[in-house]
Structures are given as structure tokens and as C-alpha cells.
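In: here is the input, now give the coordinates:
(6 chains)
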Number of protein chains: 6
Amino acid sequence: MKTLFIERKFPYDGTQLHSLFAYLEHKVLGPSIVSWQGPCSISFEHMVDGEDLLEQAQIKGDEMLHFIIEVFDRDLFSGVALQRMFAAIAKDYLQSNSAVLKNASLVRDGDDIYWEDRKLSISIATKSPVSVMVHFAMNVTNQGTPVKTLSLQDLQMEPRQVAEALMVKFQKEFTSIVTATQKVRPVS
Amino acid sequence: MKTLFIERKFPYDGTQLHSLFAYLEHKVLGPSIVSWQGPCSISFEHMVDGEDLLEQAQIKGDEMLHFIIEVFDRDLFSGVALQRMFAAIAKDYLQSNSAVLKNASLVRDGDDIYWEDRKLSISIATKSPVSVMVHFAMNVTNQGTPVKTLSLQDLQMEPRQVAEALMVKFQKEFTSIVTATQKVRPVS
Amino acid sequence: MKTLFIERKFPYDGTQLHSLFAYLEHKVLGPSIVSWQGPCSISFEHMVDGEDLLEQAQIKGDEMLHFIIEVFDRDLFSGVALQRMFAAIAKDYLQSNSAVLKNASLVRDGDDIYWEDRKLSISIATKSPVSVMVHFAMNVTNQGTPVKTLSLQDLQMEPRQVAEALMVKFQKEFTSIVTATQKVRPVS
Amino acid sequence: MKTLFIERKFPYDGTQLHSLFAYLEHKVLGPSIVSWQGPCSISFEHMVDGEDLLEQAQIKGDEMLHFIIEVFDRDLFSGVALQRMFAAIAKDYLQSNSAVLKNASLVRDGDDIYWEDRKLSISIATKSPVSVMVHFAMNVTNQGTPVKTLSLQDLQMEPRQVAEALMVKFQKEFTSIVTATQKVRPVS
Amino acid sequence: MKTLFIERKFPYDGTQLHSLFAYLEHKVLGPSIVSWQGPCSISFEHMVDGEDLLEQAQIKGDEMLHFIIEVFDRDLFSGVALQRMFAAIAKDYLQSNSAVLKNASLVRDGDDIYWEDRKLSISIATKSPVSVMVHFAMNVTNQGTPVKTLSLQDLQMEPRQVAEALMVKFQKEFTSIVTATQKVRPVS
Amino acid sequence: MKTLFIERKFPYDGTQLHSLFAYLEHKVLGPSIVSWQGPCSISFEHMVDGEDLLEQAQIKGDEMLHFIIEVFDRDLFSGVALQRMFAAIAKDYLQSNSAVLKNASLVRDGDDIYWEDRKLSISIATKSPVSVMVHFAMNVTNQGTPVKTLSLQDLQMEPRQVAEALMVKFQKEFTSIVTATQKVRPVS
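Out: Got it, this is the predicted structure:
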């Protein structure tokens, strides 16, 4: 698994969630996690979460820290499981590293991270014909969000540092999962 | 996903890790997580972790809280991912509920849970021809363990209560993962 | 597997055969069979059966009883097998319940149901990137059909009652197939 | 799919249900359905149906018409679906061809065929590491059966003729299912 | 696997690489390899090789011998492996049959065939939702190619004869691979 | 993919063909190709090729160059395709590097390599519950072989050098196949 923090800021509008995004746009070949910072606003046309579509949900924020994960040749169940792992890793990292959270606890609920009723993140996992893909994003600021949110600014965390740390941790987890499938004897 | 806490204590010796264990031994049909309490001692013959086999590792403890997860018709990658989810859920639950951990932090590393250099748990995920299976166990006591360990007694946690809580949380996570694969539009 | 009879009549023109139809249009989440009544007319653009396309077949009828089945995370072979099961179930139900068929026999040939040379049904099974999907429809009337047909009116069967009965029977069959994959020991 | 009626009579005791049975014992290579006549008695050791094991069921009969189906490189869900198709085909064939059933109806319930409370058949579908396998057997006589049964003798049907007819019909169905997966356009 | 040499000449522009091309355009149903002769020029819109897209590569030639392979219900890994097999078969055939190559050797490098620095062929393997597909083409002439090329004219080979021979050899290899999956016992 | 030439000579008797052989016996973790030199004699008990079993074939040689390939989480079709690729690579390498073959040609037929009617190699590809596995072996000497054979001695090739070269070439091919599945856009 390769990692890349993309220096240039650009918005996430849903069109980035297609197979080979990391390769065709950023020359990152193979299973990957890439990250960048930018506003978020997803049109209904490019919204893939059926629940959001049914609710006609607004999904946006003035500045978010985005991640796109792509893993080839796996089923959607694995993609969603990886998405949950990423959320668990992100929650643990912020809990351990944000001074603001000394006496407070982040909670992961499925693919969401909360502090009480304040939502830090959005995420979706989906399938292309050749891969499974995850978009995960955390608010950098609370501005422009349609609901009560928590942001990295609230947590006094620097976005790029968070991105680099999480990508390395996820890369390690992914590699370790693959390895674990290659050193176990089957049972009857 | 069904859950069952098995009242009767009995040892885990590795022979329990076979397909349909929950169904054939405890009449629990379908994807399941079952739990019980008992000693642990795994012979090399029934050890499936190649790494342990190469190291000729001793895997034992006088009293552990065991879990066996079985999910049908999935690949081993998914099985290992579910194992990691279970470890993350267990770590979060104990961290939030053990009074002993007010000023200390459990750490999850792959499928292991640690407090500093003290190891709370053992685990393996493997594949039968019809399912993926996970064994996960936490020390109830530190007696009889071959390495420096942490136990539920140290954490002042009651095993059965822990078991019931974790099984419900894992059941919820599993159901939510399956649901997430059934409400998303594919991408190109 | 969920079932739903949609009260509102609307035409089937082929555009309904896409992933998440039941969820996005009718809030039915997960594996499902839904049914409704309405005219049928499929343009070549939305015709997915290659055989029909090669023959430039006309597929239409003034009033049909439609079914859409969606099952996630299975291959097309399973989708076609489920389609055939549905046809077998429909044939058996009508044979047993139509007074008109006391001295006559319906015949299933693949996914088609016939009475002698009169065709009762049309069907196709296909694959979306996240699911397998089946459209199955029976003539309510013979009007507007391009070939010699049989209809529920001929059989003196009430469409909605047929729909409800078949959906329950198919749901039972599907559940029973899934269960059968979770209670059998593998062989060598 | 190849078919073979094996002339020699021999018992079915469960050991026949292993991968490559048709090839290694009868030189039938590839997806196949083979049939023979003989007594049936399955020891618990070779019983693969967990439900039968839990019930400590007696599975036997003095003379049955056996079928073993093997299909390579498919999942167990497909195997069970094919088993159900075979049961549907067998039920329809007997219904249409047995003079005894002029005024009575066989009923298929999952993989079982009944006339009222008399059971005609036994069946199991399972998985080997390389294939899915089905055993399906119909009583030729009611002697030696542990429950209230129906037999081909009751139906005045000649076993070998039934075997040949059903194998040809199943072969046609299987081929038609495979073909149906190769002539349909995918949907979104 | 079916084979067809299409008599009519027509260009390959990338739009031919879609599922059911052989069936919908040439009535060849099932796994297939078809071939024809014609110019080649692939627009970026229909270029599927990400590497070519990143390099903004020109892919063209005034006259090429085209092959399209389609195999259903397999993963992309298998599709790429089949592509490599085809390249190996083509290389061996030309090496053995071209008088020009008595004292010179063709070399296969992945999916490419070379004579020293002269490139004979282009190829891509990709996935549709129902199949894996390969396009493979060899220059008939060196005219109109953007790089240093080798052509069947250089090798004094008659295109149609080459096409017929390679299709028969590939068909034999494919059949033999499928058969090899149906006559081996699994291991532990 | 990892490679290892095992210095120690030991016989191949069929028991080596099990999952994790390279890891448990030689600490090579993950997809791998390993090689060693030694006699060959396979008992019927450990013979997995059904064709050999039916023919009660003798498979042996006094000294062979053995290869075992293991690739995880792929189907048997892919395993057989990789076996064929290895045979193609071995044939090409020997053809190019053996001085003896200046005016003679090796021929690959499926997984076999021949010089006229003299057979150089034996091979089988099979499936474990977690991986696909290939055994491929070339005669180092013609002694002790039950049929007319060709050997590396005949070709004046040094076994270990051949082994090292072929493992590197196969590793490169495997890596290139995996990469090719991660840089292509899907088609409709």
C-alpha cells in the first residue's frame, strides 16, 4: 500500500471517487491511501450513499481533510471493513494526541467519529468494477457544515500531520492484514 | 449474527476452531459469536498460526475469556479484518469501562491488546472451506501464562459482563457492515 | 429478504433494472423482492438480454405483474439460478391455485412459463457491480403482447394475491437456501 | 455437463460425497451428474448435514436411486440453488409421468419431495475445496426407511428410466443457466 | 471457447472492447476469441490502459491483426494471465513458422512481443462487470505506427493464416486450463 | 513474490505440496517460488493429479530440479494459468541458453516441455483452502525415469543457475500481472 499527501488544495465533490483516482491523477499505482485538504460539497448526482440520497442530505464543509483509499480485487464487505478500521485508527490517534481530549472521549460509531453530539467525520465505502474505494474526511473547521460538528481546529490538531500519521498507521494495518492471510493454516 | 454466552466452563485447546462449532456444539446456526470461560492450552498439532509454529510458542493461560466468531461465505481477508474490528471494539470497551484505566491507556496493535508491555489477549483468524473463523481470548487471570500479561482481574472487569457487552457490540458492527454493502451505489 | 407490493401502478420500461431500485425508490433495504402492476414496454436502449437485442424483439404488454429481485454480493450464476427458482415457484403456485388448470398443465422451460404454445411470462437476470438482479413479469391481460400469450386473467387469478403469495414463497426459499449453506460440513 | 448412469448397484454410505467422485471412480471428467441404484445407510462419521447430526437422524433405505452432482469453481450458495433446481425438476417429471399421480400432487419443500406426509427423497449440498457437490436420492422401495416414505414403486416408475430422464433435464437446465450468464448486458 | 475470423475489415478504435462484443456484433456466444484485420487508432476517451493515458500515448497503426478475447465470470488476474498466455503462444508460433526468424529470436516481455527494439504488438486486458476482456493486435504493416515496429509483413506471415492458427492454439490452451481445474484433488 | 533456492537436497514425494510449505519449512512468507534439487517419487496416496491416479502412473526420477509456487487468495483457474506461464518461461529460457538447442526446438504443450518425444518436466497445479499451489520439476538426469525423458544434463545446463534464473523471471512476471490489474480502467 502506497501513501501520498497531495500538497495542492482542491475541493472534493464526489467525482474523485472513481477507480484509479490515485493513479490517473497522482501517479500512485496499486493499493493506496492518498490525502489532501480542501472544501467539500457533494451534489446528488455524485452522491453514492443511498441513505443520504433518500434523506436528500447536505454533505459539505468549508475545509476538510480528505482521504481516498483504493484496494483492488476485493469485495465490498472488505471495503467497508477497511473503512471501519480506518475510522478506528483515526479515533485512537486523535484521542491519544489531542491535548483537548485529556478529559473527554471520542466515540466511533460505525464509520463516524463523534464527541458527544458533535460529528467529526463523513465517510462512504463503495465498489468500482476493479476495486473497493473509501472516502473519509474530517472537518478542519466547523464552518460551512450543515450539522453540529467537531473539527481538527477544535482538537488543536494540524491537518497535514494528522494525515501523514493516519496514512502510515493504515498502511501498517493493511499490510498486517494481508500478511495474516498468508501465514495461517486452514481448518476443517 | 447470533450471540451466545456458554454457561459451562471448558478448556480451549484449538480443536474448537472448526467450521460449525457453534452450530454442532451449541445449536447456534448462521453467522455467530459465542463466548465462554476456561483454561487455554494449544498443542502444536492444533496450532494454526504459522508464526507461533515456527517459534514453537507456548500459548496458554489458567483462565481466559474465549470468543469464537464464524462468518460464512467470506474470504480470509474479511475474516482478518473482522478479527481486527473485534480487537478494536474490545480495547475501546475496556478502556471506557475499567476504573483502573482512568489514567492509563490500552493499545491495540493488530489483533493484540496491550497495556505497556503487558499482553491482554491472543487471537487467530483462519479459514474453513465454508467459513472464516476467529478465536480471540483475554486473560481472566495472569496465572499460567508464559509471558508478561494483563488480565481482566487486573482491570477489575467481570468476564461474563465483558463477554455479553462485546458480543452485542460486535453483532451491531457486523450487521452495520453488511447493511453498508447494500445501500451504496457503485462507481465507475 | 424483504418483500413489498407497491400499490401504485407504473410502467416497466427497463430503467427500473438497476442496483438499489427497491431501496432508492421504495426504501426497501437489503436483499429484496418487490412487485407492482403496470404496462410493459422495453426500448432497445434498456434491453439487456443479448438474444432479444439480436432478434430486435418486441417486449411489451398492456398490463403485467412485475417482480424485481435484488440479491447483493453474489455472482450472476446464482442470480440466474434464483431466477429459475422463482419461475418454478410461480409455475407450481399457479398450477395448484388456478381452477382453470384442473385438467391442464403449465410447463416451465428455463425462465419461461407456458401453457402449450401460450407464453405467460418474460424474465431476465443480470448483474450490477454490487448485486444480481432479476426482472420477472407475467401478463395480467393478453392485450398488447406481440406473441401468443397466456395471462392471469385467463387463469382467473387476482394479480395482487398472486404477487403476495409468490413473494412470500420466494422469500422462504431464499432464506432456506442461505441457511442450507450455514449448516453443512465441508467434504474433501 | 456430463451424465452417466452407472450400471453396477452399490450402496451409498456418505463416502461417495467427495470431490472428483465421478472422475476418479467412473472416469467422468468435468461438471457432471451421475446416478446409480443401491441401498443407503449413512454413518454419523460421514453425515455432513449438521441438522441430521444434531438430531442423530437415521438416514437409510433398502433401495434408493442415487444422484451425485459436481460443479467446479462455484460457491455453496450456487450448489444449494442447483440442488433445489434438481428437486423441482424431479418433482415436475414424476408429477407429469406417474399414472398414480393423476389426481394427487407431489409437493417440493426446499430440497424435499412429498406426497402429503410421505417423503420421497433425501438430499444434501456441500462444498469441497474445488467444487460444490449434491447428493440426491429417491426411495425405490419403502423398505428399510426410518420414516413414512413414498417410493418410485408406489409411483409405478422404473428407476433407471427416471434417472436417465432427470439427468438429461438437469444437464439442459445447467447448460441453459451457464448460457444465460454469457448473453446479458450488465446494469449500473 | 469459440473462435471466429471476421472476414470484413474494420478499424479498432477502443469501442470494441466491451462485454458481449463477439455476441452482439458477431453472434458468437460464450467464451470466445475473435479476430479481424483493420487499422488501429484509439482515442483517449476509449483508452483503458492507465499507463498509456498518463503518457498520453499514441496507439495506432495503418493495418493490424486484431484479437478480442472474452471470458465470463473470472477475475482480472485471470484475464491478465490469459493475455500473457496468448502473447506466449503468438511468440512461439511466429518463431516456429516465420522463415525470416531462422537466425533471430522474438522475445516476449509481459504482453509485448519484440524483435530487438522493434515492437510487434499492443495489448490490454480489462474487466467488464460480467467478463474479462483482452485486446491483442499485431502490426500487419509498419506504416502509421508511432514507434519502431515489427510487422507480419516483415516476418512474411499471412495475417489470416496467423489468426486462424493462434485462435485454435489459444482455444486448446483455454480448454486445457479449464480441464486441469476439474481433475485435481485439493491439498490441505 | 519471494524466491528461495534451498541449498539442502531432499526428495519430493508429494507431501511437500501443502499450504504454507515455504513458510513453515523455510520461513518464506507470502506469495513465493522456492526451488531445490533432489530425487522424486510420488506415492498414490499423495498423488493429486486425477489423470495420473486413473492411469496408476509412475512419477519419479533419480534427480530433479523442483519448484513449488504458492499464491494466496486466488482461484484454481489462476493457479493453472500461472503454472502454464512458468512452463512457457522455462521453455523460453532453456531454448535461449542451452547450446545444445542451437538447431533444435523445445516445445511446450500445456504444462509439459518436450524435445520431440522426450519429456523434460512434470507438473501439477492444485488448491489448498487458502492458496493455489504448483509443483513443477525438470529432470536433472534421465536416470530413474519411467518414460523417455530429456534432462538438464542433456541440455548442458547447471540446475541451480537455471533455478535462480527462472525464479527471478517468474517473480517478474507475477509482479507484472498483479500490476496490470491495478492500472486499467474497467469497461462496460
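In: contacts, neighbours, all on C-alpha from now
Out: Noted.
In: what bridges to residue A:5?
Out: Note on residue A:5: beta-bridge partners by DSSP bridges are residue A:35.
In: flag every buried residue along stretch A:99-108.
Out: For stretch A:99-108, burial by neighbour count (16 or more other Cα atoms under 10 Å in any protein chain shown) applies to A:101, A:105-108.
In: how about that stretch, does it reach chain B?
Out: No - Stretch A:99-108 lies out of reach of chain B by Cα under 8 Å from any Cα of the partner chain, never closer than 8.6 Å.
In: now what about that stretch, what contacts it?
Out: For stretch A:99-108, contacts defined as Cα atoms under 8 Å, 6 or more residues apart in numbering or on different chains pick out A:87-88, A:91, A:95, A:113-116, A:154-156.
In: could you list which of those also contact chain B?
Out: Counting by Cα under 8 Å from any Cα, the members of the contacts of stretch A:99-108 near chain B are residue A:88.
In: among the contacts of stretch A:99-108, which are in helices?
Out: Among the contacts of stretch A:99-108, the members found in helices (DSSP state H) are A:87-88, A:91, A:95.
In: and of the residues you listed, the nearest to chain E?
Out: Nearest to chain E among the ones in helices among the contacts of stretch A:99-108: residue A:87, at 29.3 Å, using Cα to the nearest Cα.
In: spatially nearest residue to that closest one (excluding sequence neighbours)?
Out: Take residue A:87 and drop its neighbours on the chain: the residue closest to it by Cα to Cα, 6 or more residues apart in numbering or on different chains is residue A:111, 5.7 Å away.
In: quick one, what contacts the one you found?
Out: Going by Cα under 8 Å, 6+ apart, residue A:111 touches A:83-84, A:87, A:122-124.
In: scan these and report the most crowded one.
Out: Among the contacts of residue A:111, residue A:84 has the most neighbours (other Cα atoms under 10 Å in any protein chain shown), with 27 neighbours.
In: hang on, isn't residue A:73 packed against residue A:128?
Out: No - the pair residue A:73 and residue A:128 fails to qualify as a contact (Cα atoms under 8 Å) at a distance of 9.8 Å.
In: and the helix or strand bottoming out on mean pLDDT in chain A, does that touch chain C?
Out: Least confident element among the helices and strands of chain A, by mean pLDDT, DSSP states H and E: helix A:50-55 (a mean of 95). Yes - using Cα under 8 Å from any Cα, helix A:50-55 reaches chain C at A:50, A:53-54.
In: what's the closest non-adjacent residue to the residue nearest the centre of chain A?
Out: Nearest to the geometric centre of chain A sits residue A:136, at 2.2 Å (Cα atoms, centre = their mean). Nearest residue to residue A:136, sequence neighbours excluded (Cα to Cα, 6+ apart): residue A:123, at 4.3 Å.
In: please put the alpha-carbon coordinates of the host helix or strand of the one you found into PDB.
Out: Using DSSP states H and E, residue A:123 maps to strand A:121-128. The C-alpha coordinates for strand A:121-128 follow below in PDB (Å, rounded to 0.1, in the frame of the first residue of the first chain):
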ATOM      1  CA  SER A 121     -16.200  13.000  10.000                       C
ATOM      2  CA  ILE A 122     -18.100  11.700   7.000                       C
ATOM      3  CA  SER A 123     -17.300   8.600   5.000                       C
ATOM      4  CA  ILE A 124     -18.600   6.200   2.400                       C
ATOM      5  CA  ALA A 125     -17.200   2.900   1.000                       C
ATOM      6  CA  THR A 126     -18.200   1.700  -2.400                       C
ATOM      7  CA  LYS A 127     -17.200  -0.600  -5.300                       C
ATOM      8  CA  SER A 128     -15.900   0.000  -8.700                       C
END
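In: which neighbours does it have in its sheet, and in what orientation?
Out: Here strand A:121-128 is paired, per DSSP bridges, with strand A:131-139 (antiparallel).
In: what's the next helix or strand after the partner strand in contact with?
Out: Note on strand A:131-139: by DSSP H and E, the next helix or strand toward the C-terminus is helix A:159-180. Helix A:159-180 has contacts (Cα under 8 Å, 6+ apart) with A:1-3, A:5, A:33-35, A:37, A:65, A:86, A:89-90, A:93, A:140, A:152, B:77, B:80-81, B:110, B:125, F:29-30.
In: what is the end-to-end distance of stretch A:106-126?
Out: Terminal residues of stretch A:106-126 lie 25 Å apart, using Cα to Cα, to the nearest Å.
In: and the one helix or strand residue A:77 maps to, what's its mean pLDDT?
Out: Assigned by DSSP H and E, residue A:77 belongs to helix A:76-97. For helix A:76-97, the mean per-residue pLDDT is 98.
In: in terms of secondary structure, what does the biggest strand by length in chain A contact?
Out: Of all the segments assigned as strand in chain A under DSSP state E, the longest by residue count is strand A:60-72. For strand A:60-72, the elements it packs on are strand A:32-41, strand A:131-139, judged by 3 or more Cα pairs under 8 Å, 6 or more residues apart in numbering or on different chains; DSSP states H and E.
In: tell me the strands beside it, with direction?
Out: When pairing is defined by DSSP bridges, strand A:60-72 lines up against strand A:32-41 (antiparallel), strand A:131-139 (antiparallel).
In: buried residues in the first one?
Out: Within strand A:32-41, the residues scored as buried using 16+ other Cα under 10 Å are A:32-41.
In: try stretch A:161-171
Out: Using 16+ other Cα under 10 Å as the test for burial, stretch A:161-171 gives A:162-163, A:166-171.
In: now do that stretch: distance to the chain's middle.
Out: Centre-to-centre, stretch A:161-171 and its host chain are 11 Å apart (Cα atoms, centre = their mean, to the nearest Å).
In: could you give the mean pLDDT of it?
Out: For stretch A:161-171, the mean per-residue pLDDT is 98.
In: ok, now stretch A:8-28?
Out: For stretch A:8-28, mean pLDDT is 98.
In: need the residues that contact that stretch.
Out: Outside stretch A:8-28, the residues touching it (Cα under 8 Å, 6+ apart) are A:2, A:4, A:29-30, A:32, A:34, A:36-43, A:46-47, A:66, A:68, A:70, A:128, A:130-131, A:133-135, B:187-188, E:50, E:53-54, F:182-185.
In: filter the residues you listed to the buried ones?
Out: A:2, A:4, A:29-30, A:32, A:34, A:36-43, A:47, A:66, A:68, A:70, A:128, A:130-131, A:133-135, B:187-188, E:50, E:53, F:182-185.
In: hmm, back to that, now do the strand holding residue A:123 against helix B:159-180, angle only.
Out: Angle, strand A:121-128 to helix B:159-180, by axes from the mean of the first three to the mean of the last three Cα atoms, to 10 degrees: 60 degrees.
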